[in-house]
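Asks: show me how the following folds:
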Amino acid sequence: MKRIIFCWMFLGVCICFLGVLVSGKAIIPPGARKDDSGEPILNVENEQDPNAVQMHQDAPEELEEEVEKAGKISKEKDGDGDENDTGDKNDTADGEDKEKDEGDTKEEEDEEEEESSVYESYGDKKEKMVKFEAEPPEHWDGVRLERNGKINGDIEQELFLGPDHDEFESIPEEVGKEKLMEIFKLVDTDGDARLSLKELIDWITLKTKEHFREAVEASKTVFPKVDTDSDGKLTWDEYTIQFLKQRGYSKNKIEKFKKGKQVLQEHDEEDNAIYRDRWETADEDGDDALNSEEFVSFMHPEHSERMLNIVVEEVLHELDQNGDKKLTLAEFVSVPISKEEDLLKMEKEDEWIRGRREEFETRIDMNKDGIASQEELKAYMDPKNKQHAEGEARHLMGAADDNSDHLLSPHEVLGSYYIFIGSKVYNYARNVHDEF
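Replies: Residues are numbered from 1 along each chain as shown. The predicted model follows:
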């Protein structure tokens, strides 16, 4: 009997098993979880951990914000965001619309700021890389007065020590004296181991000519950098763009200025007007464009005889208080005209004023009428004026000629070492440009 019951039970199990195979349904384990529709969840590998779900739901909003920020930063670095992210696309589109309304994007401003602060570079004779200078220099080598009306305190070093006069500030005195003796041999053209007054004058004149050659070379190096269309002619518009770039104006602001929608800062407007006057004077053929030769006159007005009037006008612009195109002693000293009667009292207390008075009375006001006319200022500012070379040569001779034989020996020159490294002879050429 038991065998019969066992067989029927075994047969029932087999029939159930065959039924499952035919229907394709799996056996549902007891206690299996079911989804929202009531179906059992059988694929546990793809099932989301309920603990993880709970952790995600409980995550603080600050963390999500930080993740969002990090994602934005990453996208900014990579350039473009995820093209499949609809939210980012919408944000970008909204941002672009806003940027159009405002006129400029922050990215454009950053590019413009970078563009305005980076300039092409060129090398001087020492192969040094320097920032490209589109503006004429404020300091003219070899001229006693600077554009802003200040006396060139380095003129003697510039004139005697040459373009490398700065080297004497950093070398030991022993080395400096060796270099001074090398210069002595160059000045002593007749080889008699004595320097005459004529040899000193000729040396200063020679250094002046060397300066002009350097000025021409430097200007011709700069010219192709500002002549952006490379047609051999520099228009005022081309130059103005370079000038404003150097003053820190962005591309957008320069475009607005060209359209009359951008006002320059006061000092930039003033300099722009001064340079325009200088430009018109340098434009010898009157075509409102400068060729490479005319550009030399614009950048280095001391190089051109007809540009000296412009140099004088620029100095008068700084010092002439009443606009009469000439200077009194008070104006040259930069004392208000109303305080001119107090000048003598102020001079006793101020060494700077005494120095300005001496310069005015001994080097500028040659007819001793108490007024510096434009002609007197022009002669004073002209580095090629032979009187300057002769005056400096006499100054050196008088300071170093211990035995009064009107000749300078090596011993006398070395004995006046600090006088010579601060005189015009070594680098008269450099003074001609910067001081002028």
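Asks: how much space separates T208 from E158?
Replies: 11 Å (C-beta to C-beta, to the nearest Å). Just so you know, the C-beta spots here come from the backbone N, C-alpha and C atoms, and that holds for glycine as well.
Asks: show me which of those two is the more surrounded one.
Replies: Remark: of T208 and E158, E158 carries more neighbours, 31 against 27, as counted by other C-beta atoms under 10 Å.
Asks: what mean pLDDT does stretch 233-248 get?
Replies: Across stretch 233-248, the average pLDDT comes to 92.
Asks: swap in stretch 310-323?
Replies: The pLDDT scores in stretch 310-323 average 93.
Asks: ok, residues contacting that stretch?
Replies: For stretch 310-323, contacts defined as C-beta atoms under 8 Å, 6 or more residues apart in numbering pick out 140, 145, 147-149, 274, 277-278, 281, 301-302, 325-327, 331-332, 334, 336-337, 374, 377-378, 381, 436.
Asks: what's around M307, how many residues?
Replies: Count around M307 with other C-beta under 10 Å applied: 19.
Asks: same question for the one 10 residues further on.
Replies: Under the neighbour criterion other C-beta under 10 Å, H317 is assigned a count of 15.
Asks: just the C-alpha atoms of the strand or helix carrying it, please, in PDB.
Replies: Taking DSSP states H and E as the criterion, H317 maps to helix 308-319. The C-alpha coordinates for helix 308-319 follow below in PDB (Å, rounded to 0.1, in the frame of the first residue of the first chain):
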ATOM      1  CA  LEU A 308      62.100 120.200 -32.500                       C
ATOM      2  CA  ASN A 309      59.200 122.800 -32.500                       C
ATOM      3  CA  ILE A 310      56.900 120.000 -31.500                       C
ATOM      4  CA  VAL A 311      59.200 119.000 -28.600                       C
ATOM      5  CA  VAL A 312      59.300 122.500 -27.400                       C
ATOM      6  CA  GLU A 313      55.500 122.800 -27.600                       C
ATOM      7  CA  GLU A 314      55.100 119.600 -25.500                       C
ATOM      8  CA  VAL A 315      57.400 121.000 -22.800                       C
ATOM      9  CA  LEU A 316      55.600 124.300 -22.900                       C
ATOM     10  CA  HIS A 317      52.300 122.300 -22.400                       C
ATOM     11  CA  GLU A 318      53.700 121.100 -19.100                       C
ATOM     12  CA  LEU A 319      55.300 124.300 -17.800                       C
END
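Asks: direction included, what does the helix or strand following it pair against?
Replies: Counting by DSSP H and E, the next helix or strand C-terminal to helix 308-319 is strand 327-328. Here strand 327-328 is paired, per DSSP bridges, with strand 371-372 (antiparallel).
Asks: and after the strand it pairs with, which helix or strand comes next?
Replies: helix 374-381.
Asks: give the buried residues for that next one.
Replies: E376, L377, A379, Y380, M381 (16 or more other C-beta atoms under 10 Å).
Asks: also stretch 178-191?
Replies: Neighbour-count burial for stretch 178-191 [16+ other C-beta under 10 Å]: K179, L180, I183, F184, V187, D188.
Asks: tell me the mean pLDDT over stretch 407-414?
Replies: Averaged across stretch 407-414, pLDDT comes to 96.
Asks: give me the neighbour count for E174.
Replies: Residues near E174, counting by other C-beta under 10 Å, number 7.
Asks: quick check, nearest of the buried residues of helix 374-381 to D231?
Replies: M381 (33.7 Å; C-beta to C-beta).
Asks: please report how far that closest one lies from T328.
Replies: From M381 to T328 the distance is 18 Å (C-beta to C-beta).
Asks: could you pick out the buried ones from the contacts of stretch 310-323?
Replies: 140, 145, 147, 149, 274, 278, 281, 301-302, 326-327, 331-332, 377, 381, 436.
Asks: which members of those are positioned in helices?
Replies: Within those, residues falling in helices by DSSP state H are I274, R278, T281, E331, F332, L377, M381.
Asks: which residues touch Y239?
Replies: A134, V226, Y275, W279, L290.
Asks: got it, and I337?
Replies: Q321, N322, T328, A330, E331.
Asks: got phi/psi on the second one?
Replies: The main-chain torsion angles of N322 are listed as degrees, to the nearest 10 and equal phi -100, psi 0.
Asks: now do the helices in the stretch 101-250 of the chain.
Replies: For the stretch 101-250 of the chain, the helices defined by DSSP state H, counting those that start in this stretch cover 106-117, 155-161, 173-187, 197-226, 236-246.
Asks: dump those helices to a markdown table, plus distance to E341.
Replies: Formatted as a markdown table, these follow (distance: least, C-beta to C-beta, whole Å):
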| stretch | distance to E341 |
| --- | --- |
| helix 106-117 | 49 |
| helix 155-161 | 31 |
| helix 173-187 | 46 |
| helix 197-226 | 40 |
| helix 236-246 | 42 |
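Asks: could you single out the most deeply buried of those helices?
Replies: helix 155-161 (a mean of 29; mean count of other C-beta atoms under 10 Å).
Asks: what does the average pLDDT come to for it?
Replies: pLDDT averaged over helix 155-161 gives 74.
Asks: wait, which of the ones in helices among the buried ones among the contacts of stretch 310-323 is closest to E359?
Replies: F332 (7.9 Å).
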